[in-house]
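> Whatever this is, show me its structure:
(chains A and B)
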Amino acid sequence: MAAQSATASRSGLRSALPLLAPAYIWLTVAIFLPLSAMVFFSFMTDLPLSGKPWAFTLGNYAAFFSQSLYLTLLLASLRLGLEVTLWCIVIGYPAAYVLAKVLKGRSREAIFLLVILPFWSNGLVRIFSWAMVLREGGILDTALNAVLPFKINIDLMYSYPAVIIGLVHSYVPYMVLTCYLTLQAIDDSLIEAGRSLGATRLQVLKRVIIPLSMPGLVAGAALIFVPVVGSFMEPRILGGRTGTFYGTVIEDQFVAVFNWPLGAALSFILLAVVLVILAIASPVLRRAA
Amino acid sequence: MRMPRLTALLTATAVFTTALTLAANAAEVHVLNWKGYGADEPWAVAAFEKATGNKVVNDFFNSEQEMLTKIRTNPGLYDVVMINAAFNDQAMAEKLIQPIDTSKLPNYADISKDKAGSPMLDHEGKVYGVPWVWGLTALAINEKSFDKAPTSIAEMWDPKHKGRVVIRDDAVEAVQFGAIATGQNINDIKDMDAVKTKLTSLMPQIKTFWSSENDWNQMVASNQIDIGTYWSGSADRAKTHFKLPVSLVIPQEGAVAWLDAFSIPVGSKNVEGAQAFINWMIDPKFYVEWVTKVGAPVSANTKAVAALPQDAFNRKVMGDPEVAKRIQFQAPITDAQREAYLALWQQLKVDVK
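As a prediction, this is how the structure comes out:
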């Protein structure tokens, strides 16, 4: 019996191999190799590409701990990640619910298209269009002043809220899509059963819908939190004076001062911190899911 | 963002190496320069190719460190490289560039004596860099916000411009700007604490840190800023080419000046073509066309500047002897200084958050 199942699984693996190979080769070439090169760089005094003599060092990692500014920026970036994730839940979850349970047919397709639309435009284009909307004398300022009887002055550009707005706009589709998938899978009869047994709408939401859609919420939150913590483009363009974050400092090391070893070390510290956060959160999240 | 850059770099290196072995062609001139900085103007390249029979192959860098890395790792690939005079010393010491026989460059004789004789470019009687253009990092104002142009750098600290001041996101430039504001020599900053205090008090005034010419021009076009640090050539371009209400102010306290020069890397396969190209770049004819069509910094060639109209900014303002007295040319900076400047600048940016 055991031998039989072993052969079965082996032949299963053999037949699966051609299907798996492209993905694994791609992962090895496109992710694993460059990433290991970066690990290697992060322990060097200078890039081997630079033609100067180089040696192995822990100095790049020590730099993080020797200056308080990196820790300050890392905390600021983590806070940014949490806030953006929270706003994405607040905005994305209700939208996903309506898409999954209320709308049907054509109207669902139309709304879905609107949700996906940001994915079709280039990230830089999105940010620069926000810049036109948010600045003083920009579209939002002019439009509100045209409608309102009193004069208000809206200049959100180059501020922390501008960064949040830009990032939430970029990432909210992830939350809508992941939540939509889990919400759609909830059997309507469970909701009807809850209602018929006397639960209020709020109780159904709290005790049936949210627990059952938790995997989608968690997946969406992780998909958003991780890239936002390392984001640099939105803070740099929309944040102005307040736009210095951990991601922008890493970008500086790569682009402006050409110190790849330090940039790589800072990136891996970020990766480690994010993994630790996800590891600590995982038992809680698993129970919730 | 990072991974594609690495792969792109590796692929680019591989492609260049194969290109090099396939076409060890003497009629090609490989030029390394900033993008959009004169040497890659299509009309200029076409005219040069037609006149000399050499084919120009342009390559670009995004920072001086990247430029040095590219010549270190591709010996024999480049024939001409544009190096800021402050980096010439380092390139020579690492034996990356070779002495230039200036007798092969007819236009070299017209280069102003103080530039051609610069100790940053000439070492032991040999010329390692041919001065090309120079310019200033000074202030520029939004004309709509001023009845009369200010004369002092202190205008940046004036509370009435709060939130309408910009400064470039560059550690070296920021620190040297602070040195000028505190009355110090930019190449020998004695009192770093004074610079830090001065810049700390500037931070609350700032709207954003600009990084490209386009940032600056857009903010003026939408009337979001009053004043900020800017490059002389860019201010000229903003005014003449983009018709923006921008004018350059060279404050009485002084301004930072820089000098860009062309060098020939060690191992160049087409030294003759390189000489011809450098000569073309310092020619008055090319310069006048560059200024008129695009806008440019000030040529180091006195005849080229003299060929501009009387009232041209690069002739009238930049050629003013009064201005020459106030400006300080950037000298080489050590890696240790650069790191210290960067640490200071990052700290300032974090403190203001």
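> quick check, B:Trp134 in a helix?
No: counting by DSSP: H, G, I helix; E, B strand; the rest coil, B:Trp134 is not part of a helix but strand.
> so what's it bridging to?
B:Leu259, B:Val298 (DSSP bridges).
> How many residues are close by residue 148?
This is for chain A. 9 (other CB atoms under 10 Å in any protein chain shown). Where C-beta positions appear, they are placed from N, C-alpha and C, glycine not excepted.
> not what I meant, chain B
With other CB under 10 Å as criterion, B:Lys148 counts 5.
> Just the pLDDT at it, thanks.
Note on B:Lys148: pLDDT of 94.
> Check which helix or strand it maps to.
Remark: B:Lys148 resides in no helix or strand, with elements defined by DSSP states H and E.
> and it, how far is that from chain A?
25 Å (CB to the nearest CB, to the nearest Å).
> now B:Gly163
Distance of B:Gly163 to chain A, computed by CB to the nearest CB: 9 Å.
> shouldn't that residue be in contact with B:Thr208?
No: applying CB atoms under 8 Å, one finds B:Gly163 not in contact with B:Thr208, separated by 9.8 Å.
> Name the residue in the two with the higher neighbour count.
Ranked by neighbour count (other CB under 10 Å), B:Gly163 and B:Thr208 place B:Thr208 first, with 26 against 17.
> Give the pairing partners of the helix or strand hosting the more buried one; include direction for each.
Secondary structure from DSSP H and E places B:Thr208 in strand B:206-210. Take DSSP bridges as the rule and strand B:206-210 pairs in its sheet with strand B:165-168 (parallel).
> list the contacts for the residue lying closest to B:Ala171 once chain neighbours are set aside?
Spatial nearest neighbour of B:Ala171, excluding adjacent residues (CB to CB, 6 or more residues apart in numbering or on different chains): B:Trp345 at 3.7 Å. Each residue near B:Trp345 by CB atoms under 8 Å, 6 or more residues apart in numbering or on different chains is listed here: B:170-171, B:174-175.
> My read is that A:Tyr171 contacts A:Leu86, right?
No: contact criterion CB under 8 Å: A:Tyr171 and A:Leu86 do not qualify, at 11.6 Å.
> what about those two, which has more around it?
Ranked by neighbour count (other CB under 10 Å), A:Tyr171 and A:Leu86 place A:Tyr171 first, with 23 against 15.
> tell me the contacts of the more buried one?
A:84, A:88, A:223-224, A:227-228.
> If we use 6 Å, what do you get?
By CB atoms under 6 Å, 6 or more residues apart in numbering or on different chains, A:Tyr171 lies in contact with A:88, A:224.
> same check, this time on B:Glu155
By CB under 6 Å, 6+ apart, the neighbours of B:Glu155 are B:Ile227.
> before we move on, what about A:Met38?
A:Ala264.
> what secondary structure does it sit in?
Classified using three-state DSSP, A:Met38 is helix.
> Give me the pLDDT for it.
On pLDDT, A:Met38 comes in at 91.
> so where's chain A uncertain?
A:1-11, A:49-52, A:285, A:287-289 (pLDDT under 70).
> ok, now chain B?
Within chain B, the segments meeting pLDDT under 70 span B:1-26.
> Flag every residue of it that's near chain A.
B:2-3, B:6, B:63, B:65-66, B:69, B:72-73, B:206-208, B:346-347, B:349-350, B:352-353 (CB under 6 Å from any CB of the partner chain).
> switch the cut-off to 8 Å
In this structure, chain B approaches chain A at residues B:1-3, B:5-7, B:9, B:62-63, B:65-66, B:68-69, B:72-73, B:169-171, B:203, B:206-209, B:222-224, B:338, B:342-343, B:346-347, B:349-350, B:352-353, judged by CB under 8 Å from any CB of the partner chain.
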